[in-house]
Structures are given as structure tokens and as C-alpha cells.
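J.: Following is a predicted model, sequence given first.
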Protein chains: 2
Amino acid sequence: MNAETIPMDKNVEEMLRSHRLKRTSARIEILSLLLESSHTISYNDISEELGDNFDKSTVYRTLNSFEEKGIIHAVNDGSGGIKYAVTKQESEDAHVHFKCDSCEQTYCLPDTKIPRVHAPDGFIINRSSLLINGTCKYCS
Amino acid sequence: MNAETIPMDKNVEEMLRSHRLKRTSARIEILSLLLESSHTISYNDISEELGDNFDKSTVYRTLNSFEEKGIIHAVNDGSGGIKYAVTKQESEDAHVHFKCDSCEQTYCLPDTKIPRVHAPDGFIINRSSLLINGTCKYCS
DNA sequence: AATATAAATGCTACCAAATTGCATTAATAA
DNA sequence: TTATTAATGCAATTTGGTAGCATTTATATT
């Protein structure tokens, strides 16, 4: 039984349980959206998709909890709002994000790792984030 | 006569003239601040430094004009606000920015260039920005 | 030096993203 | 089934930034 055969909702509920998050409908729906999406999504994407089912503060708090638990990670693509993507096992080490100038979507590139750089003496590197702008494969 | 011996204000006025920007006191003071600073600065930094001498909209518009002219460049360090630094000749090609987790300042590392990465098939790279988080040399 | 004109400024109001306090409601453990 | 703890909804607030418009200022021209 591989991941494809596990129904999404079971998958979602198991993810919540394993992180000791109560399985509320807001969390289930928001996490489902995140899991289905091929690109990073913002508060606005969620609220458009889910209508007025949930309050703004609920959505933001949900995203914050997911991030704290490491279920998702924040992506700052310079759009003025924070976007999020599910953190998959394979992409846990720092991967590149790609913002398409055409469709404005931002993608995780889990197989494209951020190269180590050499900082000047005295600067101690903890982590890094690399954002690439260009044209994505769906727009090129 | 090298750069060190040119008085700052002359330097500033010449920069404005050469970009066909009127030499107003707001621009002179804000550009001076930017030139003096060792790290990127935000609207808030400017308004703290300059007090209420200039209106918020003036400061923001000034920063936008400078950026359009290429005098400064914007840095998005995830702090929620945009920061700016003067674009020096040597750092015109994409350099790394470093945000210190301790003092919260963000520095240009003009000698640390962003490595080229290989994006998946179909993704066309235009430009990239690399932000490093860690401890700066003044805090380490 | 006086003036014309184009641009910059300062208001005020506004917008968007995100957060907070608090009363209510719902999920889970006992 | 109930007690407890956490999540939600609501309204208000904060923060970063923009926009329209009347007034002022810098600069080029006479």
C-alpha cells in the first residue's frame, strides 16, 4: 500500500493526529488544499477556495500552527504576502523556490538544493533561502 | 582625490544630479543616511533617524525613485518590511544578503555572489536572490 | 533677478496583510 | 457523559505601504 492508495482525508487526519493537532474541519480542509496544490498558496488562495467558511484569524492561526509543527514551511516570494507549502520528507533540506513572472505562482523545487556559499570572516551561517524568478515550465 | 576625500554632501548632490533627480532636502538627507549605513535600512529606520521632518509618503516615494534609478536596491529579508541599500558598482551583479538573527540587521555581502543553480527542465531562470540567516561578525 | 513649469511634498484617507483579546464552541480525554 | 483544553469567530487593531490632490519648491528660461 503506497501513498497513492491512501485516501487523502485519512492521510490528512493521520498527519494531524501525529502532530497532536485536533482534527477540526478548518484544519482538515486547509491541509487538504495544501496537499493538493502543486505550488505554494497564500491566505488569499485559501479564502478564495474555501469561501467564507472560516474566519481570517482561524486561517492564519491554522497556518501558523502547521508551520510550528513543521508540516508546512513559509515561502517569502516578495509578493507582499507569505505563501506556504507542505514540507515533504525529500525536501527537508533547504530547497530552492521558483517564482514565475508570468503566472505569478511560486513553486518548491525540492530537487534543487541551495548551494553552500562562503560568507566573509566572522559571519556564521545558519540557514539560507534562495528565490529564483523566471518563467515556469507551464508558461515557457 | 579619492572617494574618501569627497565630502559626503557633494557626493550625494552629484548622485542626484547624475540621475536627474531634483536635489530636495528629503532626498539629500535620505540618500546620505543610506550612504552612511553599513547595513540595509527600512522606512522605520529612516523615520527614526530623521524624526518627523518628512512625511511618510515622501520617504516611501523617495525610496521608490532611488530604486527606479538604480541608486539603491530593495532587500526582502522576511522581516515584513522592505529594506534598502545603496547599489555600489562592485555589487551590481547579484550578491548575497545576510540577516543576523541576533542584531536583526541585514547586510549586503557584495563579494559573495549568488551561485548559479540548475533548475528542472522547462524552468527559465531570470534572476535570483539569496538570503542567509545567521550571526553577523559584530555579534559573533 | 524674475518668472514659468514641472516635479516633489504634505496632508488625509485609504488598502492589504496579519495579529490580538475575548467570549463562545467544539474536540478529546477521563 | 462530563470536564478540560484547545480552536473558533468576531471585532478591533497594528503595520507597511499607496493614492489623490492642493500647495510648495527646484530648476530652466528669459
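T.: Good, I have the coordinates.
J.: from the middle of its chain, how far away would the strand ranked longest in chain A be?
T.: Once chain A is assigned using DSSP state E, the strand that runs over the most residues is strand A:124-135. A distance of 15 Å separates the C-alpha centroid of strand A:124-135 from that of its chain, computed with Cα atoms, centre = their mean, to the nearest Å.
J.: export it as CSV, just CAs?
T.: Output in CSV follows, covering the C-alpha atoms of strand A:124-135 (Å, rounded to 0.1, in the frame of the first residue of the first chain):
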residue,chain,number,x,y,z
ILE,A,124,28.2,32.4,10.8
ILE,A,125,25.7,30.8,8.5
ASN,A,126,22.6,29.1,10.0
ARG,A,127,20.3,28.7,7.1
SER,A,128,19.6,30.2,3.7
SER,A,129,16.8,30.8,1.3
LEU,A,130,17.1,31.1,-2.4
LEU,A,131,14.3,32.5,-4.6
ILE,A,132,14.6,32.3,-8.3
ASN,A,133,12.5,34.4,-10.6
GLY,A,134,11.8,33.4,-14.2
THR,A,135,9.3,31.5,-16.3
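J.: thought A:Ser38 was touching A:Leu109?
T.: No. A:Ser38 is not in contact with A:Leu109 according to Cβ atoms under 8 Å; the separation is 11.9 Å. The C-beta positions use only the backbone N, C-alpha and C, and glycine is treated the same way.
J.: More neighbours: these two, which one.
T.: When neighbours are counted by other Cβ atoms under 10 Å in any protein chain shown, A:Ser38 and A:Leu109 differ, and A:Leu109 comes out ahead with 19 against 10.
J.: Can you tell me the element that one falls in?
T.: Using DSSP states H and E, the element containing A:Leu109 is strand A:106-113.
J.: quick one: is that strand near chain B?
T.: Yes. With Cβ under 8 Å from any Cβ of the partner chain as the measure, strand A:106-113 is seen reaching chain B through A:109, A:111-112.
J.: quick one: strands adjacent to the longest strand of chain A?
T.: When pairs are called by DSSP bridges, strand A:124-135 turns out to pair with strand A:95-100 (parallel), strand B:124-135 (antiparallel).
J.: could those strands be laid out in TSV, adding mean neighbour count, mean pLDDT and distance to A:Ser42?
T.: Below are the strands paired with strand A:124-135 laid out as TSV (neighbours: other Cβ atoms under 10 Å in any protein chain shown; pLDDT from 0 to 100; distance: least, Cβ to Cβ, whole Å):
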stretch	mean neighbour count	mean pLDDT	distance to A:Ser42
strand A:95-100	25	97	12
strand B:124-135	18	97	19
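J.: ok, the residue of chain A most remote from its centre - contacts?
T.: Distance from the centre of chain A peaks at A:Asp121, with 33.5 Å (Cα atoms, centre = their mean). By Cβ atoms under 8 Å, 6 or more residues apart in numbering or on different chains, the residues touching A:Asp121 are B:Lys137.
J.: Quick check: which ranges of chain A have low pLDDT?
T.: Along chain A, the parts satisfying pLDDT under 70 run over A:1-8, A:90-92.
J.: Please report phi then psi for the residue most central in space within it.
T.: Centroid-nearest residue in chain A, with Cα atoms, centre = their mean: A:Ala85, separated by 1.0 Å. Comment: the main-chain dihedrals of A:Ala85 come out as phi -140, psi 150, following degrees, to the nearest 10.
J.: isn't it right up against A:Thr40?
T.: Yes. Contact status for A:Ala85 versus A:Thr40: in contact at 4.4 Å, counting by Cβ under 8 Å.
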